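Colleague: next input, structure requested:
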Amino acid sequence: MKPVAVIILNWNGEKLLKEFLPSVTANTDPELADVIVADNGSTDGSLDLLKNDFPEVRTLRFDKNLGFAGGYNRALSETGYRYTVLLNSDVETPTGWLTPLYDFMESHHDAAACQPKILSYSDKSKFEYAGAAGGFIDRNGYPYCRGRIFDTIETDNGQYDNPVEVFWATGAALMVKTDLYQEVGGLDEQFFAHMEEIDLCWRLQLTGHTIWCVTESHVYHLGGGSLPASNPKKTYLNFRNNLLMLHKNLPERDLRGALLRRRLLDTLAWGKFVATFDWRNAAAILRAHHDFRHMRKVYTRHPDVNLLTGPDGSITSIYRPDILSAYYLQRKHYYSQL
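Modeller: Numbers count the residues shown, from 1 in each chain. The predicted structure follows:
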């Protein structure tokens, strides 16, 4: 068996497969990896396209849309390669993109997962929102990246062209050790979509492993293919899942303060939507907090003392000041300024 499976999750993405899958099949070393499409119950022409135009690609067929988390969990349970790359269907891969990721994982035994540099498919000189050159979170759970803080996206001038340990690697192009993925329970299916790769990376770190961005490799990501940023469902999932992630993984001594701050900050976000008469997104925030209060009762928390905790009781890989203050008050819009 080859050491790597490159798995693309598809749901009614015939147009995306037609545009992006040719680069994956052409530029993925066939001696190193198999390319697999896991289909989440598509009702468009995706399956016919795969059968007729990509016979070399193995297809896993699911009878319904299991979501990003459920779809990948099932796909990994039905394959069993040493490494798995979770690759979005809207990613273009250049020649040689996979080898640096594989070589890094083979030579860094403490690494659980890694990502390439994620550049924009629409403007290949810029980083892409979902991952850029590696992800981090602040003490309130807000994610940001080398190359992207909130909506400020940097031009790639090689300023982050060094491999670096990060807090999270993007699900747009995530290479993970399959056995560790299974050991920590895979992606949380209660999340359905959004934030699930950050939660996964957090849990992988709690086992004593590390997460990396390997900038010798890069891919081009279209982004925004599932839900637009203004969609209330996306607002709901982002707010709810972020709260669940904090509840699951933060030590008790940090959790109470984090949830209190988030309640205040999310109230401000709700007020902004109300002030602009965006009632649907305002309602999405309220529903997110309502559902979080019920869902937190069924989640098992990690022990208070874990491998991310330093001798002074701090979470060593979390940005201690909050990124909101750094960005809006101190005007630090670039990762290099933090």
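Colleague: in contact with residue 274, which residues?
Modeller: Shown in contact with residue 274 (Cβ atoms under 8 Å, 6 or more residues apart in numbering): residue 282. C-betas here are computed from N, CA, C, even on glycine.
Colleague: which element follows the helix or strand hosting it toward the C-terminus?
Modeller: For residue 274, the host element (DSSP states H and E) is helix 252-275. Using DSSP H and E, the helix or strand that follows helix 252-275 in sequence is helix 279-295.
Colleague: go through that following helix and flag the buried ones.
Modeller: 281-285, 288-289, 292 (16 or more other Cβ atoms under 10 Å).
Colleague: what's the answer for stretch 105-121, then?
Modeller: 105, 108, 111-121.
Colleague: give the residue spans of the stretch 101-250 of the chain that score low on pLDDT.
Modeller: 224-229 (pLDDT under 70).
Colleague: for it, just list every one of the strands.
Modeller: Ranges of strands within the stretch 101-250 of the chain are 111-120, 135-137, 143-145, 148-149, 152-153, 164-166, 173-177, 210-221, based on DSSP state E, counting those that start in this stretch.
Colleague: among these, which is nearest residue 253?
Modeller: strand 135-137 (17.4 Å; Cβ to Cβ).
Colleague: now for that closest one, which elements pack on it?
Modeller: Judged by 3 or more Cβ pairs under 8 Å, 6 or more residues apart in numbering; DSSP states H and E, strand 135-137 is in contact with strand 143-145, helix 196-206.
Colleague: show me where the stretch 1-150 of the chain has its helices.
Modeller: With helices called from DSSP state H, counting those that start in this stretch, the stretch 1-150 of the chain shows them at 14-27, 46-53, 67-77, 98-107.
Colleague: residue 143: neighbouring residues, count only.
Modeller: 23 (other Cβ atoms under 10 Å).
Colleague: can you tell me which residues contact it?
Modeller: So residue 143 contacts 135-137, 168, 195, 198 (Cβ under 8 Å, 6+ apart).
Colleague: for residue 243, same thing?
Modeller: Per Cβ under 8 Å, 6+ apart, neighbours of residue 243: 141, 259, 262, 288-289, 292, 296.
Colleague: wait, residue 18 sits on residue 49?
Modeller: Yes: with contact defined as Cβ atoms under 8 Å, residue 18 and residue 49 form a contacting pair (6.3 Å).
Colleague: who's more crowded, those two?
Modeller: Between residue 18 and residue 49, residue 49 has the larger neighbour count (other Cβ under 10 Å), namely 19 against 14.
Colleague: hang on, isn't the more buried one packed against residue 14?
Modeller: Yes: taking Cβ under 8 Å as the definition, residue 49 is a contact partner of residue 14 at 5.5 Å.
Colleague: if we ignore the residues flanking it in sequence, what's nearest residue 82?
Modeller: residue 3 (4.6 Å; Cβ to Cβ, 6 or more residues apart in numbering).
Colleague: could I get the phi/psi values of the one you found?
Modeller: Dihedral pair for residue 3: phi -80, psi -20, per degrees, to the nearest 10.
Colleague: roughly how far does it sit from residue 46?
Modeller: Distance from residue 3 to residue 46, counting by Cβ to Cβ, to the nearest Å: 27 Å.
Colleague: so for those two, which residue has more residues nearby?
Modeller: residue 46 (23 against 15).
Colleague: which residues touch the residue nearest to the more buried one when sequence neighbours are not counted?
Modeller: In space, and not counting its chain neighbours, residue 46 is closest to residue 14: 4.6 Å by Cβ to Cβ, 6+ apart. Neighbouring residues of residue 14 by Cβ under 8 Å, 6+ apart: 42, 44-46, 49.
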